[in-house]
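A.B. asks: Next input, structure requested:
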Amino acid sequence: MNVILIMPLIVLISFRVLLFKGKFSPLRNIGDTISVLFLLSLIMGVIFSAIYPECSQFEPSLAAMVYLSTCFILYFFPLYYFQRRKMMVLNVVNLFLFKFLCIFLLIGGFFAIIKSFPLVMQVFGGEINVFRLAISAGTADVGSKTIIDTFAVGFSTFFGIAQLLGLIVFSSALFGKWSKWIGLMLLFSSFSYVFNVFTFAGRDGVVYWILSFLFNICLIKGLLNATYVNKLNYLFGFIVLLLFVPFFLISISRFSSEFFYYIFSYMSQQLCTFNDVYVLDPPIYYGDLNFSGIKGIFIEETSILPRDALHDYYFSHGVIPWRFKFFIGSLLADFGRMGTIVFMGVISFLIFILLVKKRRDCVNDKVLSFDVLLLLYFYCQIGFMGVFYFKHSSLNNYVLSLIGLALIFLFLRLMGLKSIVSFKK
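C.D. replies: Sure, this is the predicted structure:
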């Protein structure tokens, strides 16, 4: 085992323990929650590389591990800082708009589930792996073919926000006596993303739904009393058991001959693959890979390099391009080494400014506004999804919509609107 690979693990632990006071609590602190995912992947990655040294095409690079460690510090700094705050109340800014958003996502989520249900039944009613291979070959009848399909997929991408709204409504009296039921229906509507991924015989929907649900509970746990937290934990445990059934059915069908190897590598391959990608230093696409939908709004011509050229470049050096490499590794092909550091530094700084305290005795320090909550969730979603790769490369419309939604609530808040949520105690 090469000890260089241990560096990001040591740096991340040291950064959290030495520079930020407070008990390490992944079930309560959002920064610690996401840290556990990366720490687990790093530990398993070290073990994986020791058992399967052929997982990496290049020798572990000290520069690559220093770079990865630096990116971790940049990403986690605002989260570790924020989790020290003791939030007391939530400001939804405009109660009518907040309620409208809840109902809109609830209806949209169930619409997406109904739309995808027949195809999901088709996937699980036959040979799952055959269907998956047909998708890869382009012969399967899937994808958005009509505007209705596009809307259904669009609603499903807001599954995490639907979860967050559901937990808030479930634990409050926003809808009066209907709050608990509407909250639960919002949670169930968030399964739309799981169903959408099932239509491609994919497992990511299960993993991301579970991670998002766990994170959202931690995010608003400080606003709830212990009774509601326990109810949510029981609900979470029950749902996880249900979701792992189709997850393992797909896994066994796709990787029956080497099932345990692929389950192990699911959380282990990132470290070795990142090392390879960093050493290769792939050609820079300047946003065409992961931000093409956003870039296309501002720049008409976005085809600087053909996408296939990157795959060919990886294959020519023995690296499999679709292997997980953390979201940091995905960004390298868009911005390069220096550009990725600058990009992450800017985003980290903006989130820090958004979350920073004004004064220690400031009353606003006890208030979390909904626009800030949306952007905080988005930033954290990049992390807990990005433990595998930069998932938002396929969610550009969602990114723009979520930022636009946050800006609407921010504008209303700056206009002086305020609506404090009363949580059940």
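A.B. asks: what helix or strand is residue 272 on?
C.D. replies: Per DSSP states H and E, residue 272 falls inside helix 269-280.
A.B. asks: what's residue 216 sitting at in phi/psi?
C.D. replies: Reported as degrees, to the nearest 10, the phi and psi values for residue 216 are phi -60, psi -40.
A.B. asks: Then residue 56?
C.D. replies: Listed backbone geometry of residue 56 is phi -120, psi 140, with angles given as degrees, to the nearest 10.
A.B. asks: rewinding a little: CA-only coordinates of the helix holding residue 272, as CSV, when you get a sec.
C.D. replies: What follows is the C-alpha trace of helix 269-280 in CSV, where atoms were taken according to Å, rounded to 0.1, in the frame of the first residue of the first chain:
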residue,chain,number,x,y,z
GLN,A,269,-12.7,3.5,-7.0
GLN,A,270,-12.8,7.3,-6.6
LEU,A,271,-9.3,7.8,-5.1
CYS,A,272,-7.4,5.8,-7.7
THR,A,273,-9.4,7.2,-10.6
PHE,A,274,-8.8,10.8,-9.3
ASN,A,275,-5.1,10.1,-9.2
ASP,A,276,-5.1,8.9,-12.8
VAL,A,277,-7.2,11.8,-14.0
TYR,A,278,-4.9,14.3,-12.3
VAL,A,279,-1.7,12.7,-13.6
LEU,A,280,-3.2,12.6,-17.2
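A.B. asks: which strands and helices sit next to it?
C.D. replies: Using 3 or more C-beta pairs under 8 Å, 6 or more residues apart in numbering; DSSP states H and E as the contact criterion, the neighbours of helix 269-280 among helices and strands are helix 30-51, helix 62-82, helix 326-355. Backbone N, C-alpha and C define where each C-beta goes, glycine included.
A.B. asks: Mind putting the ones you listed into a markdown table with mean neighbour count?
C.D. replies: As requested, those are arranged in a markdown table below (neighbours: other C-beta atoms under 10 Å):
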| stretch | mean neighbour count |
| --- | --- |
| helix 30-51 | 20 |
| helix 62-82 | 20 |
| helix 326-355 | 18 |
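A.B. asks: Turn these into TSV, including mean pLDDT and distance to residue 128.
C.D. replies: As requested, those are arranged in TSV below (pLDDT from 0 to 100; distance: least, C-beta to C-beta, whole Å):
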stretch	mean pLDDT	distance to residue 128
helix 30-51	92	26
helix 62-82	94	35
helix 326-355	93	27
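A.B. asks: Can you redo these as TSV, where the extra columns are distance to residue 293?
C.D. replies: Listed next are the helices and strands packed on helix 269-280 as TSV, based on distance: least, C-beta to C-beta, whole Å:
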stretch	distance to residue 293
helix 30-51	25
helix 62-82	23
helix 326-355	13
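A.B. asks: Perfect, that will be all.
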